[in-house]
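Asker: Curious how this folds, go ahead:
(chains A, B, C and D)
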Number of protein chains: 2
Amino acid sequence: MSAVPRTARGTRTRAKLLEAAETVFASVGYHEASIVKITEEAGVGLGTFYLYFDGKQTIFDEVVEDLNRRVRHAMTDAARSAGTRLEAERAGFRAFFRFTAQHPALYRIIRQAEFVSPGALRLHYTRIVNGYIEGLKAAQLSGEVREMDPTVAAWALMGIGELIGMRWVLWDEEGTDPVPGARPDVPEEVFEEMMQFIERALAPTPGTTPSSTPSAARPEEGKTP
Amino acid sequence: MSAVPRTARGTRTRAKLLEAAETVFASVGYHEASIVKITEEAGVGLGTFYLYFDGKQTIFDEVVEDLNRRVRHAMTDAARSAGTRLEAERAGFRAFFRFTAQHPALYRIIRQAEFVSPGALRLHYTRIVNGYIEGLKAAQLSGEVREMDPTVAAWALMGIGELIGMRWVLWDEEGTDPVPGARPDVPEEVFEEMMQFIERALAPTPGTTPSSTPSAARPEEGKTP
DNA sequence: CCGTAACCTGAATCGCCTTTCAGGTTTACT
DNA sequence: AGTAAACCTGAAAGGCGATTCAGGTTACGG
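Answerer: Predicted coordinates:
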């Protein structure tokens, strides 16, 4: 049975294991990730693992939970400083892609959760989507976003980010120097195209795109109740 | 070493194995799927498997290939009978969701390919996306779709379908009677909302004249899917 | 400096899975 | 019917990884 560490040393060891697990799961996948590999990566003995975790599944769930918390934090943090909803959307997506570039583990691990831990998978997606839904609802009240079902739109946005991220962050990243700070993000043109797509989909008046210049003349009127 | 069947019986046996593999991979995942389970599901002896496949990885690749071919066929078939591009988009998405509802194996298997067979994963996505790109380019020429990078839009569309399908077909399906003909599709309201989203994202800007704008102004730069 | 609780370790056990192969069965063809 | 090729089978070898556990090490209050 797993236990909670009771001293500073124990806390450190547990954290090392968690970090090592993220690394190993991301690089070889759940299946190929053996407890031995995880403990080796963490630099601790094999048996130590079972002091803090019940098994592979348990530590996997915790890794997913942790990644989810971190990516949402990155996104809301970035969005907070934005003025309009569209700026927030922009900042959120940028943060998402940046996080993906810096932690490819996110994608690689989430995709495996389908079978390893379906509950964790759903929690991951629904938590992020809920963030979108809240934002969209608020933007609808202020007239920045047209009348529509925010839930459907939120899942659509999630899907766009997911696949664009996969295509231009994960796939383009290969063969890149694995220096933590120097990972390529989504190319600027692609990002702009994507935001155009999104802005038109959400815009109150069909066919018009609000200027992408931050605080330019964009009065608050356009209410479409 | 695996071999190609030389008689009708052999062909049947090989097909049974392939179908059984799809079922088993979808229900328990690649990792939990043992050769024993596959051969039992197929109703053949254990050793028979190795007459036609080199191993688990090999048959997995072939299952992915097969599913990919079938889903694309379903989509293009449905889209063919449509008049405008938007109708085609609509028909294609409907076919995609219907296929997903009838073959949940598609999602469940593809998601595992990330580690099991990255090449197969990429092939799957890029093939579908290429279909979109062709359709979008044609629609741009006829002015039905605005000027934009069709590649980015295609991946966005793919992402929308992917997550909406996951949320409303796969997740809602649970606990449903597994009768092959009676699987729930995406609810009509959700489908409509999604199409609204897509149509607005792709719609031409009212002011511009489609045929007069040189559509070759933005040549495709090094997209190498 | 001592004692104890917490912590760490890795060899050994156990169980499951892949893959092989020698021998039996079916099919295609004359 | 007869024969060769194709096909099928499942016991058994060989390997790998999860988990346990008895014994050693470290931290720290008194």
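Asker: Can you get me a residue count around A:Asn68?
Answerer: A:Asn68: 19 surrounding residues under other C-beta atoms under 10 Å in any protein chain shown. Where you see a C-beta, it was placed from the backbone N, CA and C, and this is true even at glycine.
Asker: Helices of chain A, start to end?
Answerer: Taking DSSP state H as the test, the helices found in chain A are A:8-32, A:35-42, A:49-52, A:56-80, A:85-102, A:105-116, A:118-141, A:150-165, A:171-173, A:188-202.
Asker: what residue lies at the spatial centre of chain A?
Answerer: Nearest to the mean C-alpha position of chain A, counting by C-alpha atoms, centre = their mean, stands A:Val71 at 4.1 Å.
Asker: B:Val129 is nearest to which of the helices of chain A?
Answerer: Between B:Val129 and the helices of chain A, the tightest spacing by C-beta to C-beta is seen for helix A:150-165, at 8.6 Å.
Asker: before we move on, back to that, the residue nearest to the centre of chain A and A:Gly131, how far apart?
Answerer: Between A:Val71 and A:Gly131 the distance is 10 Å, computed by C-beta to C-beta, to the nearest Å.
Asker: who in chain A is up against DNA strand C?
Answerer: Within reach of DNA strand C by C-beta under 7 Å from any atom of the strand, chain A has these residues: A:3, A:5-7, A:9-10, A:12-13, A:44-48, A:50-51.
Asker: Considering helices and strands only, name the one in chain A with the lowest mean pLDDT.
Answerer: Least confident element among the helices and strands of chain A, by mean pLDDT, DSSP states H and E: helix A:171-173 (a mean of 85).
Asker: hmm, that one in reach of chain B?
Answerer: Yes - applying C-beta under 8 Å from any C-beta of the partner chain, one finds helix A:171-173 in contact with chain B at A:Trp171.
Asker: So which bits of that helix are buried?
Answerer: For helix A:171-173, burial by neighbour count (16 or more other C-beta atoms under 10 Å in any protein chain shown) applies to A:Trp171, A:Asp172.
Asker: A:Glu62 and B:His73, how far apart?
Answerer: According to C-beta to C-beta, A:Glu62 and B:His73 sit 42 Å apart.
Asker: Could you list the low-confidence segments of chain A?
Answerer: Within chain A, the segments meeting pLDDT under 70 span A:1, A:174-183, A:206-225.
Asker: re earlier: higher neighbour count, A:Glu62 and B:His73?
Answerer: Taking neighbours as other C-beta under 10 Å, A:Glu62 and B:His73 compare with A:Glu62 leading, 18 against 12.
Asker: How about the contacts made by that one?
Answerer: Taking C-beta atoms under 8 Å, 6 or more residues apart in numbering or on different chains, we find A:Glu62 in contact with A:Leu18, A:Phe53.
Asker: Residues of chain A that sit close to DNA strand D?
Answerer: Contact residues, chain A versus DNA strand D (C-beta under 7 Å from any atom of the strand): A:7-9, A:32-36, A:46-47, A:49-50, A:55-56.
Asker: Can you tell me which of those lies closest to B:Ala120?
Answerer: Set against B:Ala120, the nearest of the residues of chain A next to DNA strand D by C-beta to C-beta is A:Glu32 (17.0 Å).
Asker: Could you pull up the residues touching the closest one?
Answerer: With C-beta under 8 Å, 6+ apart, A:Glu32 has these contacts: B:Phe115.
Asker: Kindly check the end-to-end length of stretch A:139-148 for me.
Answerer: 11 Å (C-alpha to C-alpha, to the nearest Å).
Asker: near chain B, anything from it?
Answerer: Yes - against chain B, stretch A:139-148 shows contacts by C-beta under 8 Å from any C-beta at A:Met148.
Asker: got the buried residues for that stretch?
Answerer: A:Ala139, A:Gln140, A:Gly143, A:Glu144, A:Val145, A:Arg146, A:Met148.
Asker: for stretch A:156-173, same thing?
Answerer: Neighbour-count burial for stretch A:156-173 [16+ other C-beta under 10 Å]: A:156-172.
Asker: same check, this time on stretch A:16-28
Answerer: A:Lys16, A:Leu17, A:Leu18, A:Ala20, A:Ala21, A:Glu22, A:Thr23, A:Val24, A:Phe25, A:Ala26.
Asker: So the second one sits against A:Ala42, correct?
Answerer: Okay, so that is A:Leu17. Yes - at 4.9 Å, A:Leu17 and A:Ala42 qualify as touching, with contact defined as C-beta atoms under 8 Å.
Asker: For the residue of chain A found nearest DNA strand C, list the residues it contacts.
Answerer: Nearest residue of chain A to DNA strand C: A:Gly47, at 1.5 Å (C-beta to the nearest atom of the strand). A:Gly47 sits next to no residue when contact means C-beta under 8 Å, 6+ apart.
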